[in-house]
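Enquirer: Pasting a predicted model and its sequence here:
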Amino acid sequence: MALFSPEFRAIYDGHFEFVWRSLRRLGVREADTMDLVQKVFLAVHVGWGDFEGRSKIRTWLFGICRRIASDYRRSSPIRREIVTDAAAMDLRRDDQHAVGAESRQRATVAEAILNRMPEPQRVVFVLFELEEMSGEDIAELLNLSIGTVRSRLRLARERFRREVKRLAAADPMGRKEAV
């Protein structure tokens with residue numbers, strides 16, 4: 001007898017990567033991501049009967065990811081973790097592995113910038129710029145007006161640009177490469 005229905009398995013297989021990316025972009029450390037992915041899909045399995053289909057499945061999944069990532073970040077002091085600036089740590093490393101090192105560094109820097117954003121701006125930025133959702137879909141997901149979505153996106157973009165400039169100015173190698 002199968003533990004999970006074929007319908008649930010299709011949701012898991014079809015949206016695993018989206019859930020993984022969403023959690024990472026919402027501030028979950030890589031080491032903890034798999035545990036929280038499983039937590040998201042457990043919530044999906046338990047709550048599947050309550051899903052009315054009034055929104056897209058990805059919208060519903062992102063809402064679950066957002067709540068779980070928020071709980072995770074709030075519990076950080078309880079776990080006695082010290083949140084560090086990943087970009088600064090990456091710059092100090094002498095990692096000279098040629099294949100993909102620059103790409104990994106850019107991703108780390110982008111993640112550090114996202115971690116500095118206020119959550120409302122970060123969520124809108126991630127959904128629009130990285131997940132390529134429309135402003136209307138974001139407004140529906142977050143239960144906001146389209147004007148609020150646009151405002152938060154504008155503020156998030158400004159903050160992102162400011163952080164990129166700040167990091168470029170602080171780069172000891174003087175590189176001005178885009179993130």
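Expert: Received the coordinates, thanks.

Enquirer: residue closest to the middle of this structure?
Expert: Arg25 (1.6 Å; Cα atoms, centre = their mean).

Enquirer: How about the contacts made by it?
Expert: Glu111, Leu114, Arg122, Val126, Leu130 (Cβ atoms under 8 Å, 6 or more residues apart in numbering). Where C-beta positions appear, they are placed from N, C-alpha and C, glycine not excepted.

Enquirer: Keep only those of those that are in helices.
Expert: Per DSSP state H, helices hold the following members of these: Glu111, Leu114, Arg122.

Enquirer: ok, the first one touching Leu23?
Expert: No. Because the distance of 11.9 Å does not satisfy Cβ atoms under 8 Å, Glu111 is recorded as not touching Leu23.

Enquirer: ok, Met117 - contacts?
Expert: Counted by Cβ under 8 Å, 6+ apart, Met117 has contacts Phe125, Ala156, Arg159, Phe160.

Enquirer: Now stretch 117-137: buried residues?
Expert: For stretch 117-137, a neighbour-count test (16 or more other Cβ atoms under 10 Å) marks 117, 120-128, 131, 133, 135, 137 as buried.

Enquirer: Take these and write them to TSV, including pLDDT and distance to Ser145.
Expert: Converted to TSV, the buried residues of stretch 117-137 look like this (pLDDT from 0 to 100; distance: Cβ to Cβ, whole Å):
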residue	pLDDT	distance to Ser145
Met117	88	20
Pro120	90	13
Gln121	92	16
Arg122	90	19
Val123	89	15
Val124	92	12
Phe125	92	17
Val126	88	19
Leu127	88	15
Phe128	90	15
Glu131	82	20
Met133	85	16
Gly135	91	10
Asp137	87	14
